[in-house]
Structures are given as structure tokens and as C-alpha cells.
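Visitor: sequence and predicted structure, then a few things I'm wondering about:
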Number of protein chains: 2
Amino acid sequence: MELWFTEKHTENVTFSIKVDRQLYCGRSDFQRIDIFESKEFGRFLTLDGYMMLTEKDEFIYHEMIVHVPMAVHPAVKRVLVIGGGDGGAVRELVRYPSIEQIDLVEIDRQVVDVCRKYLPQTASRLDDPRVTIYYEDGLKFVRTRENVYDLIIVDSTDPFGPGEGLFTKEFYGNCYKALTAEGLMVNQQESPFYPVDAIAMQRAHKRIVDSFPISRVYQAHIPTYPSGHWLFGFASKKYHPVTDFNDSKWETLGLKTKYYNTKIHIGAFALPNYVKNLLEEVEPD
Amino acid sequence: MELWFTEKHTENVTFSIKVDRQLYCGRSDFQRIDIFESKEFGRFLTLDGYMMLTEKDEFIYHEMIVHVPMAVHPAVKRVLVIGGGDGGAVRELVRYPSIEQIDLVEIDRQVVDVCRKYLPQTASRLDDPRVTIYYEDGLKFVRTRENVYDLIIVDSTDPFGPGEGLFTKEFYGNCYKALTAEGLMVNQQESPFYPVDAIAMQRAHKRIVDSFPISRVYQAHIPTYPSGHWLFGFASKKYHPVTDFNDSKWETLGLKTKYYNTKIHIGAFALPNYVKNLLEEVEPD
């Protein structure tokens, strides 16, 4: 017998992983949640059938969504993570002693419970005393906050289903207000390669550009996401992600990382021409 | 009816593309050759069932294997391409007026014939008067050349089957001899992500380090290759790929590219820590 998990990256492209067994299958109020065990990727989490993370390559996504902004902003004390119920972003954040407060807003409590049980590799630091988990809709949560956070990390699912609201103009505008005067926001921003993803990426970028004075896009190699070429948005009120980046300061922290380093930081903002062209095209709202 | 092409990226991972129809299927003295037509990627070429190129993303591979070395060496006149029967590397090379001679050594004449017929997008410039095609074994060809080429591009298949000899110490040593005193060599060097590919990549790197005074590795996002994270080797007698790189000089050439640019050039040499660690590990021969 062979058991395979298959994800459609587009209508015409599939990516399949041989599975040893399914460890969990459940349906929350928001989505279907599955955990699988595999030889190639260790355990992996899918939501509504879409790959969220694998034990083998989650370090790439989580390091890049956390260390890039942390290496730019000189004094992050309060952080808001929206989504990210797997705990991977929090695990990287708690490594910074300067951070005093981490608010994690995850709409789906069941995701957190399942990850605590089956994915201790990512959900390992959710009990850090600086972390407060709010089981709320991130879209509503940010409406109520003003001038609070130095950093907002939007660690969302794709721009359809429960994550859809986290790609809207209203949401980005509220993130802007929830940030301090020197605050910055990063978000996962899909892939530039397949047209179906690129359209969502362009739309998100356009809305962020409209909401923040500084807006850049950076990339990472994430093998289990469609095309393996994944983008993140970097939106900022004051600090530029490259010219205000202080590599030696980050290096003095002595954090051991498996993907991120200060050269990757600069390189990640060097986008291919075809991606730059996509970002320059205006996608009407 | 649905027709799908499936490639095993490892024993436990597959990547599949929906195919409209098969345009060509043949067996040469060296390998099986197939051409497919697909909605997502246009036409694509496979050798022995392994993806070589698609019309949709071949620009990434061919730009990165050609423009990176061409932007480092200040005066390339004579180029040797080993493999590359699809013509994609030659297509990028002939854009440089300074190049006087391009020798293409492809072991399999049938690959060239099939690409000329079915992949005019890549095989478009093989008739340039500066190009000479040798239907010979690249391993043997370089043995007979000394102090001839400014640049050698090893555009090979994977390190098994017909391409195996192009990953040996003897071959790299002969490339060194075939190069001029300021010459450099680039090669496609597999992916760092899946252990089965990473071992081949490490072995090739070790052998190149043993053969050349300067040896670096650079990367690109190539969605249709395993993991999407692809590496190239840069081996050189004199020029360093980053510190001897003159971005404004390349920009004055005015070449339009879809992936490569001078910032990508620098960023491509910024490798993730896990890749740097793999390259530093010594793999005994």
C-alpha cells in the first residue's frame, strides 16, 4: 500500500508527498486540519488541504518572516503575530531578549491545540511568559489597537478562506494604526511564479503600497510551497529594510540560524526582473 | 481523458504537470528524449524522464548560467559550452558582441535536432556564424584543448547517465587546462535541499575546489527543478564573482533580461546557512 498527499499548485500542476500515516484529521469552525507523518519532510500540517508547514523546511519560512524585520528595527519591544497558530514565528521571536510582549492572534484555537500536540518543533515556545494568545479574528483585533506594536507579523493562510480578510486594504490600514511611529509590518505574500498566485501577490502589494510609506518585497526558497519561490512583504513607517539594516548589530546577538544570515537579508530583497515588473504593474482594486 | 507527466524528485516526492499532448518521443544512442506540450509551462523537454527545460521558466536557468560569468570576466572572446544541446545558453551568449567564438559540444546530435524542430524558443541562435557544434563527448573534447577558452559553461544533465563524466575530478582538471590564464568555468550543480541531490552537489563542489583557486556557489529560483532551489558552481583562475564584478559595466551593455540583474548577481551568491554548511563539509572522494 502507498499513501500520497497531493496538493494542486495550479489546475495543471501537482506536488505529492508519500505519507507514512495520517496522525490527525479534524474540522474546526473555520477549516479542515490534517497532520501527516512522512519520511521526506517529517510531520506536516495542512489546512483545507493546503500545505502550511513541514518539519523539514519550516525553518526557512519562520526565520525569514521573523529575523528580517527584527534585524531592521533597532528596538522591538511589542510584537503582534496574526495567524501563526503553529507557533513557529513565536519560537523565533522569543529568542530576542529585548522583546517584552508577544500577542498572538489566531482565529482557530483548534490549530494551536493540534500543533501543541503534534508539532512540538514549532509550538515549543507558546508558553513563554511574554506570549499571550488571543483566539480572535485578527481583522477585528487590529481595529481595536492603536500605536501599540513595534512589529506586526501577518503569518496568514492564503488569500481565500479564513485568511481572506488579512489581505484587504482595511486590514493593512488598521495595522498601520496599530503600529508605533517607527513600526513595521511583514506578511507572507504568496508566489510570483504561477499567474493565479501572482495576481493575489500583486493585489496585496498594491494595497500595502497604498497604506505604508515604505514597502518592499523579499523572497526565500521554500521547497514545499508552490513553485518554491516565496515572497514576503515588508511595510514600514520609517526604516528601510536594506539601507537601515545594521548587519553587525544583528550578528552581535549571536543567534544561530539555519537559513537567515545578514547576506541573505540583502540578497532576499534583490528580486528577479520579472518579479519587479509584476510589482510595478498596477492592479486596480 | 487526462494526461500527466510525473517526475520523482525523490523516492517520496513527485511533481506532476498536466500535458495536452506528447509532441515527440525518441531514443538516441544515449538517452530517451521526449517533448510535451502543456498549458502551464508551454512545451517542455525531458531526457530519460527528467525535466530539462520548459518554455515558461527556462529563461531563469539560461540567464543565470550565462550572464553571471559574463558580468564578471571583462573580456570573453572564446566560449565553450558543454552539453546545452537545447541552445538556451548559446541564445544568451550570442547577445554579447564581444564574443568571437562559441564551441558547443553536445554528445547527442538527436537532442539538437529535436530542439531545433520543437523548441525554437531555445534553439533559435544555433546558426549564429560564431557557433560551431561538435557532436562529441565533452569529457574527451576538453582533454584535447589547452589555454583556449575564456569561459567554459558546463550545461549538463544530472550526475548519472550520459552526464556523469561531467562531474568528475578529471573533467574539472581538464577544464582548468582548457581555460586561459584568466578563464572561468560555471556549471549546473544540482539542488541543496533533498539529501540525494545535496550529496552530488557536495561532491561536485569538493572536486571544483580542488581544481580551481577560486570556487563559489550561486543559486536561483527554478520552479520546475527539484525543490525549486537550484545551484550553480562558479570556478575561476583570477576573477572573484562578487568583488571583481562590475555592475555598471554590465548595465551599459543594455541587455534586457527577465530574471538576471546586477542586484540578483550579488544576492545569488548569498547562500542560506544550511547550504554554506553543506559546502563546508568535506565529502571524501
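Guide: Cool, the structure landed.
Visitor: CA atoms for contacts and neighbours, from now on please.
Guide: Fine.
Visitor: check the secondary structure at the residue in the stretch 151-285 of chain A positioned nearest to chain B for me.
Guide: Minimum separation of the stretch 151-285 of chain A from chain B (CA to the nearest CA) falls at A:G267, amounting to 3.6 Å. Using DSSP: H, G, I helix; E, B strand; the rest coil, the structure places A:G267 in helix.
Visitor: wait, it touches B:N261, no?
Guide: No - assessed by CA atoms under 8 Å, A:G267 is found out of contact with B:N261, at 12.0 Å.
Visitor: identify the bridge partners of the most centrally placed residue in chain A.
Guide: The centroid of chain A falls nearest to A:D155 when counting by CA atoms, centre = their mean (3.3 Å). Note on A:D155: beta-bridge partners A:G83, judged by DSSP bridges.
Visitor: that one: what's it in contact with?
Guide: A:65, A:81-84, A:89, A:187-188 (CA atoms under 8 Å, 6 or more residues apart in numbering or on different chains).
Visitor: could the residues you listed be laid out in CSV, adding neighbour count, distance to B:N246 and pLDDT?
Guide: Shown next, in CSV, are the contacts of A:D155 (neighbours: other CA atoms under 10 Å in any protein chain shown; distance: CA to CA, whole Å; pLDDT from 0 to 100):
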residue, neighbour count, distance to B:N246, pLDDT
A:I65, 29, 32, 98
A:V81, 26, 41, 98
A:I82, 26, 43, 97
A:G83, 26, 43, 96
A:G84, 24, 42, 96
A:A89, 30, 38, 98
A:N187, 24, 34, 97
A:Q188, 25, 33, 96
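Visitor: what about the helix ranked longest in chain A, distance to the chain center?
Guide: Longest helix in chain A, counting residues (DSSP state H): helix A:195-211. Centroid displacement of helix A:195-211 relative to its chain, using CA atoms, centre = their mean, to the nearest Å, is 15 Å.
Visitor: re earlier: pull up the gap between the residue of the stretch 151-285 of chain A closest to chain B and B:Y225, please.
Guide: Between A:G267 and B:Y225 the computed distance is 21 Å (CA to CA, to the nearest Å).
Visitor: could you dump stretch A:93-104 to PDB, C-alpha only?
Guide: Extracted C-alpha coordinates of stretch A:93-104, given in PDB (Å, rounded to 0.1, in the frame of the first residue of the first chain):
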ATOM      1  CA  LEU A  93      10.700  35.800  18.300                       C
ATOM      2  CA  VAL A  94      11.200  34.600  21.900                       C
ATOM      3  CA  ARG A  95      14.900  34.200  21.100                       C
ATOM      4  CA  TYR A  96      15.200  38.000  21.300                       C
ATOM      5  CA  PRO A  97      15.700  39.100  25.000                       C
ATOM      6  CA  SER A  98      14.700  42.700  24.000                       C
ATOM      7  CA  ILE A  99      11.100  41.600  23.200                       C
ATOM      8  CA  GLU A 100       8.800  42.200  26.200                       C
ATOM      9  CA  GLN A 101       5.400  41.300  24.800                       C
ATOM     10  CA  ILE A 102       4.200  39.000  22.000                       C
ATOM     11  CA  ASP A 103       0.400  38.900  21.300                       C
ATOM     12  CA  LEU A 104      -0.600  36.000  19.100                       C
END
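Visitor: show me what from the stretch 51-200 of chain A comes close to chain B.
Guide: A:F193 (CA under 8 Å from any CA of the partner chain).
Visitor: quick one, helices of the stretch 51-200 of chain A?
Guide: Ranges of helices in the stretch 51-200 of chain A, per DSSP state H, counting those that start in this stretch, are A:58-72, A:88-93, A:109-118, A:138-143, A:169-178, A:195-211.
Visitor: of those helices, which is nearest B:H205?
Guide: B:H205 lies closest, by CA to CA, to one member of the helices of the stretch 51-200 of chain A: helix A:58-72, at 23.2 Å.
Visitor: tell me how far A:K39 lies from A:G173.
Guide: Taking CA to CA, one finds A:K39 at 43 Å from A:G173.
Visitor: of those two, give the one with the bigger neighbour count.
Guide: Taking other CA atoms under 10 Å in any protein chain shown, A:K39 and A:G173 do not tie; A:G173 has more neighbours (17 against 14).
Visitor: ok, back up a step: give me the common contacts of A:G267 and B:N261.
Guide: Joint contacts of A:G267 and B:N261 (CA under 8 Å, 6+ apart) do not exist.
Visitor: sorry, back to before: okay, the contacts of A:D155 in CSV with distance to B:W250 next?
Guide: Supplementary listing: the contacts of A:D155 in CSV, determined by distance: CA to CA, whole Å:
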residue, distance to B:W250
A:I65, 33
A:V81, 42
A:I82, 43
A:G83, 44
A:G84, 43
A:A89, 40
A:N187, 34
A:Q188, 33
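Visitor: A:R91: what's it in contact with?
Guide: Contacts of A:R91 (CA under 8 Å, 6+ apart): A:122-126.
Visitor: dump the longest strand seen in chain A to PDB, keeping only the CA atoms.
Guide: Taking DSSP state E as the criterion, chain A has its longest strand at strand A:179-188. As requested, the backbone C-alpha atoms of strand A:179-188 are provided in PDB (Å, rounded to 0.1, in the frame of the first residue of the first chain):
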ATOM      1  CA  LEU A 179       1.900  50.300  14.900                       C
ATOM      2  CA  THR A 180       4.000  52.800  16.700                       C
ATOM      3  CA  ALA A 181       5.600  55.700  14.800                       C
ATOM      4  CA  GLU A 182       8.600  53.600  13.900                       C
ATOM      5  CA  GLY A 183       6.700  50.400  13.500                       C
ATOM      6  CA  LEU A 184       6.800  47.900  10.700                       C
ATOM      7  CA  MET A 185       4.800  45.000   9.300                       C
ATOM      8  CA  VAL A 186       5.800  41.900   7.500                       C
ATOM      9  CA  ASN A 187       3.400  39.500   5.800                       C
ATOM     10  CA  GLN A 188       3.600  36.300   3.800                       C
END
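Visitor: can you mark which positions in that strand are buried?
Guide: Residues of strand A:179-188 classed as buried by neighbour count (16 or more other CA atoms under 10 Å in any protein chain shown): A:179-180, A:182-188.
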